[in-house]
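Q: sequence and computational prediction follow.
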Amino acid sequence: MDSLGRRRFLSKAVLGTTAVTVVGASTIGSFAPEAVAGQRPKLDVEPGAPDPNFVDGRVRSLGKGELLVTSADRSMHRIHLTSATSVWKLRPTTADAAKVGDGLYARGVRLPDGTLAADAVWLNIVNLQVHITSIGRTALHLDHHGDRIVGHVVAGTTAAVYNSTPAVSDLSLLQVGKHAQVIGAWRPDTNEVDLATVYAAA
Amino acid sequence: MIEWFAGTQQFVLGGVLIWASMFKLGRRAPVAARRSALRKLVGETRAVPAYRAVGLVELLVGALLVTPPVLVVEAYLAVALSVGMLAYLAYAKLRAPEAGCGCLGDKHTPVRGRGFVRAGVLLASGALAAWSTAWWPATLADAPLAWVAVVVAQSAVIVALSPELDHRWLLPLRRWRVRVSHPLARTPVTVPLESSVQQLQRSDAYRSVVGALRSDLLDSWEEGRWRLLTYSADQDGVAATAVFAVPLDGHRPQDIRVALVPESGEVLV
Amino acid sequence: MAQPEQLAPTTAETSWFCCGAAWGPCGSAGGGACGNCRSGSRHCAWPNTSDNCFAITRPDKCGDTLLRRTCGHTFYVQHLCGSTEIAVTIADCGPQTDLWCGEQSCCSGKCASNRLLDLTPSAYSAIGNLSSGIMPVNIRS
C-alpha cells in the first residue's frame, strides 16, 4: 500500500467510515489510565549509566534502511530504520531526509548484533535556552550562553507557545531582550537553526 | 597635537577604569566574581577577593590618571593593566569559555572578540596617554568642542565594544524598532502541527494508549476538519499504528479519537 | 544555604539539555557542573546542587523550596500520564527555574507547574519525545 493509500486507510479507521482490524481496544478509555499509571516496572537502565538503547552522534554514511553513526567517543553505531521508525528533521519526515553530517539522537532496541532497531530518530534537533537579541523579517537572532545563533523562521512550520497556551503560528508577540526556549533543527556546522517551536513569555 | 590627544586619553582611560572599579567594589561583585573566569584562575574561595583587588587597582590607576600631577608612570601602569586584561581574556577564552568577563558590569557575558578589541583600544589609549605633558583640563581649555567630541566618540566606541552594556542601549533600541513595526507580524496564520500534538497530549485518548506508543510522530495530514496523527505502537507484541484524529477548528481534547491498526512493518527502501 | 526538605514525590515540568562531547550548539556544553554529564547517559540537572547553582536558578522565586541535592543523587522520574519510570543521577545545575515561574504543562486533565528538572536526551526520550520541548513529570527521590 502506498503512502496515500495508507493515509486513506488510517483516516477511515479512526474516523469510523470503514471496518478495520483493531489490535486490542480502540475506543477511548479502553485502557484504564489509572491501571497504567499504577504500574511500577523494573528500571530499564541504571541511574547515571549510559543508555544502551540510545545513540547520540553524527551520520557518517547512509545505507538501505540503515544509518551508520559515529558518536563523540568515536564508537560506531548501525541504526536500522523501518516504516515504523519516526524520523524528525524540523518536522516529522522520512528516512530519506537524513544526510551525511547530520547530528542525530536515536532511541530503539539494541539487537544482539549491536545494531539499534530505531523506534524514533531525531536529526539535528536542538533545544536551546536563549535570549532574543533582535528580530528580523525571516529570522530571530539569539544569544545562547554568549554565542550568537540565527534562528530561521520557516513559514507554515515555526510555532510559538506563549505562557503555556496552545501553540500558534503568530510570532508577533516575541520580544527583543526576553528569554525563550527554542526547539529547532541545526544546520550542520553553522550557528544557524531552523525554528520548530519557540516557547516564550508574552 | 599628539600631546593634546594624549590629554584626552588621560580623562577617557581614567574614567573607564574608575567606572570598571565601581562594579568590582559594588554589592553585586560576589555574583559577578563567581561567574567570571577568575573563579577558574584563582579558585572559588579567592575569586571574590581577587575581583575586588582588581577593582581597587583599577580605582587607583584611574584616580592617578584623572588627578594631578601628570606622571608618565601613570600611563605605564594603565598599559600594564591593559596587557594584564588581554592575558586574562586569552586565559578565559581558552580555559573557561563559558565564564563571564566581569569587566565593565555584572551582566554575564562570555569573552568574545569585542572584549579583546576593547582591551586593545584601552591599551592604545594608555600608550597614547604616556605622551601627555599637561593635566587634561588644559587640553579641554585649548579646544573644548574638539575635546568633548573626542571623549564622547571614544566613550561610545568603548560602550559599543562592551557586551555587558548591550542591555542598556542596544536591546532597548531593538525593542523600540520591533514595537514600531514587528518584522514577523505578517506571518501566515495556520494551525501549527505542534498545536495539534499539544492538544493530543492533553487528551484521555492519548493517555489510554500512551503505554503502547513506541515512536515520536510518524506522519500527519488533514482530512476535513480533522488533523490525523500517527505513531508506531506495540500492543502485546503486535506491531500497530496508533492513529489519532484531532479537531483542527478549536481546542477540544475530549473530541479526539484513536484507533490502533495493525502495521505491516516493512523495511524502508 | 540550608533548605527544608521538600515533600516527595512532587510534580514539575521538565525539559532536556545536551552535555558532554556533542555536536551542534551543544558542542561547548562540556561535562556540566559535575563534570561527568553525558547526553547518552541517564543524567539530570537539578536547580539546587550548590549555593552558586541556587543563586542562578532561584526556584524560590517561583515558590518552590527545593532540597539541596548534590552530584550523583538519584531521582526517579515518570511522565505524569505515562507508565515508564526512569532513574537519573544529578550531573549538572539547572534549569533556570525563575525564568519560567507559573508555566504549566498538562496531560489528560493533570498539570504540573514550574521547571524543576532537566533531563539528558537519553533520559527524556525514554519517557517522552524530544520534539516536544517540555513535559509534566512526577519526581521522587
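A: Right, received. Where do you want to start?
Q: okay, and for chain B, where does confidence drop off?
A: Filtered on pLDDT under 70, chain B yields the residue ranges B:263-269.
Q: now do 50
A: Scanning chain B for pLDDT under 50 picks out B:265-269.
Q: show me where it has helices.
A: All helices of chain B, identified by DSSP state H, fall at B:2-25, B:29-35, B:38-42, B:44-66, B:72-95, B:113-129, B:136-142, B:144-160, B:166-180, B:193-201, B:204-209.
Q: what's the closest of those helices to chain C?
A: Using C-beta to the nearest C-beta as the measure, helix B:204-209 is the one of these that comes nearest chain C, at 3.9 Å. Backbone N, C-alpha and C define where each C-beta goes, glycine included.
Q: which other helices and strands does that closest one contact?
A: Helix B:204-209 is packed against helix A:33-38, strand B:238-247, strand B:257-262, with contacts defined by 3 or more C-beta pairs under 8 Å, 6 or more residues apart in numbering or on different chains; DSSP states H and E.
Q: which parts of chain C sit against chain B?
A: Residues of chain C lying close to chain B (C-beta under 8 Å from any C-beta of the partner chain) are C:28, C:30, C:52, C:55, C:79, C:81-84, C:106-109, C:129-132, C:135.
Q: put the buried members of the residues you listed into a PyMOL selection.
A: Those of the residues of chain C next to chain B that count as buried under 16 or more other C-beta atoms under 10 Å in any protein chain shown are selected in PyMOL with:
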select buried, chain C and resi 30+79+81+82+83+84+106+107+108+129+130+131+132+135
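Q: chain A: strands as residue ranges?
A: Assigned strands in chain A, in chain order: A:54-63, A:66-70, A:76-80, A:86-89, A:91-93, A:103-110, A:116-123, A:125-135, A:139-144, A:147-152, A:159-162, A:179-186, A:192-200 (criterion: DSSP state E).
Q: then chain C?
A: C:10-16, C:43-46, C:74-79, C:85-93, C:104-107, C:110-113, C:115-119, C:135-140.
Q: of those strands, flag the one that's most buried.
A: Of all the strands of chain C, strand C:43-46 has the most neighbours on average by mean count of other C-beta atoms under 10 Å in any protein chain shown, namely a mean of 30.
Q: how about the residues of chain B near chain C?
A: Residues of chain B lying near chain C by C-beta under 8 Å from any C-beta: B:31, B:34, B:44, B:97-98, B:194, B:197-198, B:201-204, B:206-207, B:210-211, B:216-217, B:253.
Q: buried ones among these?
A: Buried members of those, scored by 16+ other C-beta under 10 Å, are B:31, B:34, B:97-98, B:194, B:197-198, B:201-204, B:206-207, B:210-211, B:216-217, B:253.
Q: hang on, the earlier thing: so which of the residues of chain C next to chain B also contact chain A?
A: Filtering those for proximity to chain A by C-beta under 8 Å from any C-beta leaves C:28, C:81, C:82, C:83, C:84, C:108, C:129, C:130, C:131, C:132.
Q: rewinding a little: I'd like the helices and strands packed on helix B:204-209 as a markdown table, with mean neighbour count appended.
A: Putting the helices and strands packed on helix B:204-209 into a markdown table (neighbours: other C-beta atoms under 10 Å in any protein chain shown) gives the following:
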| stretch | mean neighbour count |
| --- | --- |
| helix A:33-38 | 14 |
| strand B:238-247 | 24 |
| strand B:257-262 | 23 |
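Q: mind putting the ones you listed in TSV, distance to residue B:54 included?
A: Putting the helices and strands packed on helix B:204-209 into TSV (distance: least, C-beta to C-beta, whole Å) gives the following:
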stretch	distance to residue B:54
helix A:33-38	56
strand B:238-247	59
strand B:257-262	63
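Q: nearest to residue C:92, out of those?
A: For these, distance to residue C:92 was read as C-beta to C-beta. The smallest value, 28.6 Å, belongs to helix A:33-38.
Q: what mean pLDDT does the closest one get?
A: Taken as a whole, helix A:33-38 has an average pLDDT of 42.
Q: same thing with stretch C:99-119?
A: What stretch C:99-119 shows for mean pLDDT is 92.
Q: tell me the pLDDT at residue 67?
A: Answering for chain A, as no chain was given. In the predicted model, residue A:67 carries a pLDDT score of 97.
Q: wait, I meant chain C there
A: Looking at residue C:67, the pLDDT reads 90.
Q: the one 10 residues further on now?
A: At residue C:77, the predicted lDDT confidence score is 95.
Q: over to residue A:6?
A: According to the model, residue A:6 scores 84 on pLDDT.
Q: what's the burial count for it?
A: Neighbour count of residue A:6, defined by other C-beta atoms under 10 Å in any protein chain shown: 17.
Q: pull the number of nearby residues for residue B:115.
A: Around residue B:115 there are 24 other residues, counting by other C-beta under 10 Å.
Q: my read: it touches residue B:103, true?
A: Yes - in this structure, residue B:115 is within contact of residue B:103 by C-beta atoms under 8 Å, at 6.7 Å.
Q: what about residue 62, how many residues nearby?
A: In the absence of a named chain, this looks at chain A. Around residue A:62 there are 15 other residues, counting by other C-beta under 10 Å.
Q: not quite, I wanted chain C
A: Neighbours of residue C:62 under the rule other C-beta under 10 Å: 19.
Q: residue C:118 versus that one, what's the distance?
A: Using C-beta to C-beta, to the nearest Å, residue C:62 is found at 15 Å from residue C:118.
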